[in-house]
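Peer 1: got a predicted model here, sequence first, then my questions.
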There are 2 protein chains.
Amino acid sequence: MPKPAKPPTLTDVARLAGVSVPAASRALNGGVRGKKSGSPELRERVEEAARTLGYAVSPAAQAIKGGRARTVAFIVADIDDFGSATMISGIMHAAEERGISVAVRTTRDDPMRELDLLTQLRGERHLAVVMATSRTTDAAREASVKEQLTVLQDHGAKIVVIGDNELGFPTVTVDNRHAARLLAEGLVGAGRRRFALVSGPAGQITALERVGGFVEGLAHRGVAVDERDIVHTEFSRDGGHRAVDQLRDRLGEIDVIAAMSDAMAVGVIARLREFGVSVPVDIEVTGFDHVPMLGDVLPGFSTVEVPLEQFGEAALALVLDEHADGVDTVGLSGTPIIHGEAIAAFDR
Amino acid sequence: MPKPAKPPTLTDVARLAGVSVPAASRALNGGVRGKKSGSPELRERVEEAARTLGYAVSPAAQAIKGGRARTVAFIVADIDDFGSATMISGIMHAAEERGISVAVRTTRDDPMRELDLLTQLRGERHLAVVMATSRTTDAAREASVKEQLTVLQDHGAKIVVIGDNELGFPTVTVDNRHAARLLAEGLVGAGRRRFALVSGPAGQITALERVGGFVEGLAHRGVAVDERDIVHTEFSRDGGHRAVDQLRDRLGEIDVIAAMSDAMAVGVIARLREFGVSVPVDIEVTGFDHVPMLGDVLPGFSTVEVPLEQFGEAALALVLDEHADGVDTVGLSGTPIIHGEAIAAFDR
DNA sequence: TCATTGTTGGATAGCGTTATCTAGTCACGC
DNA sequence: GCGTGACTAGATAACGCTATCCAACAATGA
């Protein structure tokens, strides 16, 4: 058994280079104002020693010294639900360019876990906390989350919320209403007339905006939707399933089932197929979000591309790049994709 | 502007509770052998103070003190490629139960970044490093990665590699060969006879195993595959695209195109459709990996379910639960899903 | 009575860094 | 000669926490 060697520390490097520890620190990790300092030859000697020993700075020690870690926490409900991974990818990319790392945490949509997690974050001293958990309509839960976030903010962390919310923190959102409206108009333009809408949980802001925009778009083109043809369900595959069950008696009088998320759309399609309804021949199904793979297997599928990758970047920019005072909400554009073709959102 | 309050520290808690800092540490975070210690009344007072102040321990300080963070690093090529997110979800779940957090890092398949990253990890003092980057066939790169991992190991981190590899570290894999064989046999059992295979990059172990098993299964049922009908491409959607281009002249004589990953299968399907070939009427396409959503939109799709969620759990168990000496490879079973129906792999 | 053992909680030191201070060197200008 | 400024690099302290040691005290047994 080889000795359980410990990783080299700055002390080791300094000793090998024959300089003091602070000098080594200044040479390697930068002294005043982030600039590396020290005479060129000293720097060279220290860098040489660091290379020889395979030294890497300990972020934990830096964090404890500086009072804050070079880290942001990114909180999602579930990592493997489609959008999360894309957002994480986006924020990691953006963070990397700034020499920051991202700590991903999940709540699994469990309010209890969520609060525990938020408390735990207090000790971790992140630069920022980005909440990308799709919010529920539970007012009590919202309030306690807001309280926890406020404490974190008081402790010096920047807070950003992704998605629509009423928490009062800086926010990154997509123009759900506008994009939904364009999607609806495009579908009417393609000759569709009789619509059913699959919305999210009643009261959920994202769902309201998407349905609202969609109905506006239809109305703008002279198409009305019967209240009976708007059903509420969960933003998930199974929600789509249930929506079809609710609409079953009306299927004969519908051209398009517009689901307010791609996951729902998949559930709708699967269930319609079980009922022997041919998609898109008998009924066309549309979504919202743009899960990339869907376009391949469902050619001509209509949806709205939400720039999830940019969400992460925007969140980080909002939080780290000191912005002018008023600027605390970033609205990104969604791109309607109608029958496989992206529509430039020119008339915003 | 409220004062830029700093988060409470153990010192604050101790002061408020009127005890010494070490006593507070013992009461809150556990003293000897992880057990919390101190008299009941002292504990109560400290906990009360911690609650009042909203105290949470600083993992950075604990890491620096203990010489090791309660953390494992999980390294993937890209976070938003399908399987990664599922594996991450699995390992996070498992880690959470052990009070450990997971630091996800990406290489973006850039060898340069990969080495930088591995060096950087030296300073982070993780308990373990789990590599889930699908390996290339680049021998030089493999060697330098192995070297970096060896250094980390010498510094006291446990190493696990996910997926087939020749690095010589403990490994978690799936029985690619066996599952592929069962898949092939099942397809022959369902009446298919003329197969083309879409394999991964030449020399890639996973690709070799899957193709090998598949061919074995066919042979076992008396079906031969022409060498011309095995094409090599990348494990991606675009790879599937190109595979169809290569097979174009042969499409008339093929019943099934068996792609060695679901991503490839999607590319194959999309390209076939562009060529006016109807799937699965004219040609059936199968995959490997089991991207859950595919089953919904491609009913009757055949593939192998790889238990990605379990990969993460198994990796963590391998690394943290002190295992008996010889045990350093875990092989998980893949479940063939033939025309939408899972086949129990009983005859393993 | 005294030594033994165990329990409790304070004092101290140290983990790997960096901010701050200080001492030293050098060049410059009057 | 000497004050001034600009630099370099060492000494020291501190960040938040826990391992270790130690003093105080009680309970036990002979």
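Peer 2: Done, it's in.

Peer 1: which parts of the stretch 151-300 of chain A are strands?
Peer 2: Secondary structure of the stretch 151-300 of chain A (DSSP state E, counting those that start in this stretch): strands at A:158-162, A:171-174, A:195-199, A:230-232, A:256-259, A:284-286.

Peer 1: got a list of what the residue in the stretch 151-300 of chain A that DNA strand C sits nearest to touches?
Peer 2: Using Cβ to the nearest atom of the strand, the closest approach of the stretch 151-300 of chain A to DNA strand C is made by residue A:156 at 16.1 Å. Bear in mind the C-beta positions are built from the backbone N, C-alpha and C, glycine included. Residue A:156 makes contact with A:68, A:125, B:4-7, according to Cβ atoms under 8 Å, 6 or more residues apart in numbering or on different chains.

Peer 1: if we only consider these, which is nearest to DNA strand D?
Peer 2: Using Cβ to the nearest atom of the strand, residue B:6 comes nearest to DNA strand D of the contacts of residue A:156, at 5.8 Å.

Peer 1: does the closest one sit in a helix, a strand or a coil?
Peer 2: Three-state call for residue B:6 (DSSP: H, G, I helix; E, B strand; the rest coil): coil.

Peer 1: confirm for me that it is in contact with residue A:122.
Peer 2: No - with contact defined as Cβ atoms under 8 Å, residue B:6 and residue A:122 do not form a contacting pair (10.8 Å).

Peer 1: how about the secondary structure of residue A:11?
Peer 2: helix.

Peer 1: okay, now it: neighbour count?
Peer 2: Here the number of neighbours of residue A:11 (other Cβ atoms under 10 Å in any protein chain shown) works out to 10.

Peer 1: distance of it from DNA strand C?
Peer 2: Remark: distance between residue A:11 and DNA strand C (Cβ to the nearest atom of the strand, to the nearest Å) = 6 Å.

Peer 1: need the contact list for that residue.
Peer 2: Neighbouring residues of residue A:11 by Cβ under 8 Å, 6+ apart: residue A:21.

Peer 1: likewise for residue A:335?
Peer 2: A:179, A:290, A:304-305, A:307, A:342-345 are the contacts of residue A:335 under Cβ under 8 Å, 6+ apart.

Peer 1: by pLDDT, give me the weakest of the residues you listed.
Peer 2: Sorting those by pLDDT puts residue A:345 at the bottom of the list (57).

Peer 1: so what does residue A:72 look like in phi/psi?
Peer 2: When quoted as degrees, to the nearest 10, the phi and psi of residue A:72 stand at phi -120, psi 150.

Peer 1: now do the contacts for it.
Peer 2: For residue A:72, the contacting residues are A:91, A:95, A:100, A:102-103, A:126-130, A:316, A:319, by Cβ under 8 Å, 6+ apart.

Peer 1: between those residues, which is nearest residue A:50?
Peer 2: The nearest member of the contacts of residue A:72 to residue A:50, counting by Cβ to Cβ, is residue A:100 at 21.9 Å.

Peer 1: give me the spatial nearest neighbour of the closest one, chain neighbours excluded.
Peer 2: Counting by Cβ to Cβ, 6 or more residues apart in numbering or on different chains, residue A:100 lies nearest to residue A:70, which is 5.1 Å off, once chain neighbours are set aside.

Peer 1: same check on residue A:265?
Peer 2: residue A:287 (3.4 Å).

Peer 1: that older thread, looking at residue B:6 and residue A:122, which is more packed in?
Peer 2: The neighbour comparison of residue B:6 against residue A:122 (other Cβ under 10 Å) goes to residue A:122, with 22 against 13.

Peer 1: what do residue B:6 and residue A:122 both touch?
Peer 2: Counting by Cβ under 8 Å, 6+ apart, the residues touching both residue B:6 and residue A:122 are residue A:155.

Peer 1: ok, back up a step: and the residue of the stretch 151-300 of chain A closest to DNA strand C, how close does it get to residue A:99?
Peer 2: The gap separating residue A:156 from residue A:99 is 19 Å, by Cβ to Cβ, to the nearest Å.

Peer 1: return the residues in contact with residue A:309.
Peer 2: Contacts of residue A:309 by Cβ under 8 Å, 6+ apart are A:86-87, A:89-90, A:93.

Peer 1: who wins for neighbours among these?
Peer 2: Highest neighbour count within those: residue A:87, with 27 neighbours (other Cβ under 10 Å).

Peer 1: mind pulling up the pLDDT for it?
Peer 2: 94.

Peer 1: quick one on the thing from earlier: and which of the contacts of residue A:309 is nearest to DNA strand C?
Peer 2: Nearest member of the contacts of residue A:309 to DNA strand C, counting by Cβ to the nearest atom of the strand, is residue A:93, at 24.4 Å.

Peer 1: check for me that the closest one belongs to a strand.
Peer 2: No - per three-state DSSP, residue A:93 lies outside any strand segment and is helix.

Peer 1: within range of DNA strand D, give me the residues from chain A.
Peer 2: Counting by Cβ under 7 Å from any atom of the strand, the residues of chain A lying close to DNA strand D are A:19-23, A:37-39, A:41-42, A:61, A:64-65, A:67, A:123.

Peer 1: if we use 10 Å, what do you get?
Peer 2: Listed as neighbours of DNA strand D in chain A under the rule Cβ under 10 Å from any atom of the strand: A:14, A:17-27, A:31-32, A:35, A:37-43, A:45-46, A:60-68, A:122-123, A:125.

Peer 1: now the buried members of these.
Peer 2: The neighbour-count test (16 or more other Cβ atoms under 10 Å in any protein chain shown) applied to the residues of chain A next to DNA strand D identifies A:14, A:17, A:19, A:23-27, A:38, A:42-43, A:45-46, A:60-64, A:68, A:122-123, A:125 as buried.
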